[in-house]
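Enquirer: Below are the sequence and a predicted model; questions follow.
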Amino acid sequence: MARATKIKQSESGLSTQVHTALREGALYVFSALSLILTFALFTYDSTDAGPFQAQSGDEIKNGVGAVGAWIADLLFTSFGRPAYLFSIMIFSVGWILSRERKKVVALTKIDFGLRFAGFIATLITSCALSALHFSPEGFSSSAGGFIGQAFGNWLEGLMKLLGASILLFCLWITS
């Protein structure tokens with residue numbers, strides 16, 4: 001008589017093979033999204049139509065097409081050069097989801113909140129530092145987007161350029 005083989009199951013009720021395949025799939029999907037976003041940002045052209053550009057040009061120069069032009073315009077106008085952090089964040093989410101952990105530790109709301117706050121702090125301080133120190137060449141408004149320009153100019157008004165830069169750099173390192 002043939003023996004029945006017992007399939008190992010994870011806590012979610014899925015077999016370990018299915019669980020592994022889902023983790024790998026998450027890595028592939030998030031890696032592809034990150035790559036597409038990176039390509040859209042690298043091929044950004046300020047003459048392409050987007051949410052903040054009322055261009056009616058026939059030819060879209062963005063490598064990802066109209067969607068890429070729209071997303072790149074939205075991210076660069078809002079965040080400036082630090083928009084590339086979104087590609088890194090998307091890839092990181094895929095990497096974290098794909099890792100096989102020996103010991104499963106539940107992500108609490110506090111852990112998630114702190115990680116999210118750290119990303120937001122990194123993003124805002126990067127935008128402000130970019131607005132204060134980089135040329136806006138190639139961008140519609142500022143190298144830090146309107147978020148960096150608003151936050152950077154506000155801090156510069158309070159502490160001058162050196163004080164604002166030191167504070168922003170320390171916050172950036174901390175986040």
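Expert: Thanks, I have it.

Enquirer: buried set for the lengthiest helix in the chain?
Expert: Assignment by DSSP state H gives helix 145-174 as the longest helix of the chain. Neighbour-count burial for helix 145-174 flags 145-153, 155-156, 164-165, 168, 172 (criterion: 16 or more other C-beta atoms under 10 Å). C-beta coordinates here come from the backbone N, C-alpha and C atoms, glycine included.

Enquirer: With stretch 89-100 instead?
Expert: For stretch 89-100, using 16+ other C-beta under 10 Å, the buried residues are 90-91, 94, 98.

Enquirer: Check the gap between the residue nearest the centre of the chain and Phe52 for me.
Expert: With distances taken as C-alpha atoms, centre = their mean, the residue of the chain nearest its centroid is Phe86 (1.2 Å). Going from Phe86 to Phe52 by C-beta to C-beta, to the nearest Å gives 17 Å.

Enquirer: Repeat that for Ser140.
Expert: For Ser140 relative to Phe52 (C-beta to C-beta), the value is 6 Å.

Enquirer: So for these two, which residues contact both of them?
Expert: Counting by C-beta atoms under 8 Å, 6 or more residues apart in numbering, the residues touching both Ser140 and Phe52 are 73, 77.

Enquirer: So which residues of the chain form helices?
Expert: 16-42, 66-79, 84-98, 109-133, 145-174.

Enquirer: so which of these gets nearest Asp48?
Expert: Ranking the helices of the chain by their distance to Asp48 (criterion: C-beta to C-beta) puts helix 66-79 first, at 3.7 Å.

Enquirer: wait, doesn't Met159 sit right on Leu167?
Expert: Yes: applying C-beta atoms under 8 Å as the test, Met159 and Leu167 come out as touching, 6.7 Å apart.
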